[in-house]
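1. Just a sequence and a predicted model for now, questions to come.
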Amino acid sequence: MRRVLILGGTGRIGSSIAQDLLAHTDAVIVLTGRHAQRGHRVAQALGDRAQFQSLDLSDQTALGELSVQADLVIHAAGPFHHRTTQVLQTCIEQGLNYLDVSDYRGFTRQALAWQQAAQAAGITAIVNTGVFPGISNSMVRQGVEALEQADSAQLSYVVAGSGGAGVTVMRTTFLGLQHPFDAWIDGQWRSIKPYTGREKLSFAQPYGDAHVYWYDMPETMTLPASFPLQTVKTKFGVDPDFYNYATWLMAHGLPNHVLKHPNTVEFLAQVSYRMTNVSDRFTGTGVAMRCDVQGQTAGEPVHYCSWFVHDSAAIAAGIGAGYIAECLLSGQITQPGVYPVEQALTTSQFLRAIDRRQLKIYTATL
């Protein structure tokens, strides 16, 4: 029986990946984490095919011993701002397929640099799986393929409160505010300050109109490399809008040296998490995404739009990683090298996986 090792498997997203794999494959799932009591509790709740093993990722010997017993390794132990590519390197050395839920450009760039080594080892490694990035990347591919010529893509995300993903995601949010980032605009890289460019857009219900801001995501880097796009934008916002104003104030009101201090990040993450624990009762913890791809067909301008919504951002991330893991386990994806989602998963594979999980991508030409 196949075995899947999920690093960070006892967290909100890791355990959601496990749930998806248990529902759609016959694999045994091995969860890892540093806290044994919590780990055994999570594994027990998932059922007989779930196990727990204590693991500190800094222990490379223990990582190697655990991973060699697996058919697939899933890296869900964020924030990826603080991770190296050691897990990927271990998988290359042992000839194991790999995927992760990384959401940080710097980590993605380092992982993609292992392309030739992964090809030589004959392993398939897929980065940036989950919901955004992840499902979002496939929405762009679907839109690009719907047009004869695609010129620009904008991905816009709204999360209700905490998104159900725990304090780690809060840390990631504030880490993402610390530095300007490069965005591909009109065929050239331009420096963008996070949480600027407030924009009002319409999302699927129950979100309706919501506001989003420039935010650094790895899609900003991988999509221009995957498709002949002249512009790629990624924007993010929170429901209720009050949190957007608070986040804007943190990004633009705090001195740089204060915002970049680890203690500041941890303080803001903990405060935000406690606040959303209250507001989540009223807003829920869902996610809404909108993808706008503009270009031409038959010489005429076309604006292709797609929407996705789920009542839990954490579960949606688990699904987005889970169906790619399913494709790797079943041999539907065999593509030695290191790839972002949009280069590894075809649109037909994506739509079949979404349909099998009774979800839907809504599309329209505007």
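-> The structure has been received and is ready for your questions. Residues are numbered from 1 along each chain as shown.
2. Can you tell me the element Ser156 falls in?
-> Using DSSP states H and E, Ser156 sits in strand 149-160.
3. again with Ala325
-> Counting by DSSP H and E, Ala325 is part of helix 313-330.
4. Could I get the buried residue list for stretch 335-354?
-> For stretch 335-354, burial by neighbour count (16 or more other CB atoms under 10 Å) applies to 335, 337-347, 349-350, 353-354. No exception for glycine: its C-beta is placed from N, CA and C like everyone else's.
5. what ranges of the chain fall below the confidence cut-off?
-> 161-170, 172, 175, 258, 265, 271, 278-280 (pLDDT under 70).
6. can I see the domain layout of it?
-> Domain ranges of the chain: 3-130+314-359, 132-310, per automatic domain parsing.
7. Tell me which helix or strand comes right after the helix or strand that contains Ser15.
-> Per DSSP H and E: Ser15 is located in helix 12-24. For helix 12-24, the following helix or strand on the C-terminal side (DSSP H and E) is strand 28-33.
8. what lines up beside that following strand in the sheet?
-> Take DSSP bridges as the rule and strand 28-33 pairs in its sheet with strand 3-7 (parallel), strand 50-54 (parallel).
9. next SSE after the last one?
-> I take that to be strand 50-54. Following strand 50-54 toward the C-terminus (DSSP H and E): helix 60-67.
10. follow-up on the earlier one: deepest-packed of the domains of the chain, please.
-> Stretch with highest mean neighbour count among the domains of the chain: domain 3-130+314-359 (a mean of 20; mean count of other CB atoms under 10 Å).
11. start to end distance for it?
-> End-to-end span of domain 3-130+314-359 (CA to CA, to the nearest Å): 26 Å.
12. Run the chain-centre distance for that domain.
-> Remark: domain 3-130+314-359 is offset 12 Å from the chain centroid, using CA atoms, centre = their mean, to the nearest Å.
13. re earlier: how many degrees apart are the strand holding Ser156 and helix 313-330 in direction?
-> Orientation check (axes from the mean of the first three to the mean of the last three CA atoms, to 10 degrees): strand 149-160 against helix 313-330 gives 130 degrees.
14. tell me what strand 149-160 is packed against?
-> helix 136-146, strand 209-214, strand 231-239, strand 287-297 (3 or more CB pairs under 8 Å, 6 or more residues apart in numbering; DSSP states H and E).
15. Mind checking those for the one nearest to Val309?
-> For these, the distance to Val309 is smallest for strand 287-297, at 4.7 Å, taking CB to CB.
16. got the angle for that closest one vs strand 209-214?
-> 80 degrees.
17. helices and strands around the next helix or strand after strand 287-297, which ones?
-> Moving toward the C-terminus from strand 287-297, the next helix or strand (DSSP H and E) is strand 300-310. Where contact means 3+ CB pairs under 8 Å, 6+ apart, strand 300-310 is packed against helix 136-146, strand 287-297, helix 313-330, strand 362-365.
18. Tell me the strands beside whichever helix or strand comes after the third one, with direction?
-> Yep, that's helix 313-330 we're talking about. Per DSSP H and E, the first helix or strand lying C-terminal to helix 313-330 is strand 337-340. Taking DSSP bridges as the criterion, strand 337-340 forms sheet pairs with strand 124-127 (parallel).
19. ok, back up a step: can you tell me which of the buried residues of stretch 335-354 is nearest His40?
-> Ala353 (30.5 Å).
20. picking that back up, so which of the helices and strands packed on strand 300-310 gets nearest Gly130?
-> That would be helix 313-330 among the helices and strands packed on strand 300-310, by CB to CB, at 4.0 Å.
21. what does the helix or strand in which His257 is found contact?
-> Using DSSP H and E, the secondary-structure element containing His257 is helix 256-259. Applying CB atoms under 8 Å, 6 or more residues apart in numbering, the set of residues contacting helix 256-259 from outside is Phe174, Leu177, Gln178, Met250, Ala251, Thr264, Val265.
22. just stretch 349-366 next, same as before
-> Applying CB under 8 Å, 6+ apart, the external contacts of stretch 349-366 come out as 20, 24, 135, 138-139, 141-142, 146, 204, 302-308, 310, 319, 323, 326-327, 332-333.
23. roughly how far apart are Gly176 and Val68?
-> Look at Gly176 and Val68: by CB to CB, to the nearest Å, they are 34 Å apart.
24. for Val30, same thing?
-> Counting by CB to CB, the gap from Val30 to Val68 is 12 Å.
25. Ok, Tyr195 next?
-> For Tyr195 relative to Val68 (CB to CB), the value is 43 Å.
26. With Phe52 instead?
-> From Phe52 to Val68 the distance is 18 Å (CB to CB).
27. what does Gln86 give?
-> Distance, Gln86 to Val68, by CB to CB: 15 Å.
28. And for Arg171?
-> Arg171 is 31 Å from Val68, where distance means CB to CB.
29. And for Thr84?
-> Taken as CB to CB, the span from Thr84 to Val68 is 19 Å.
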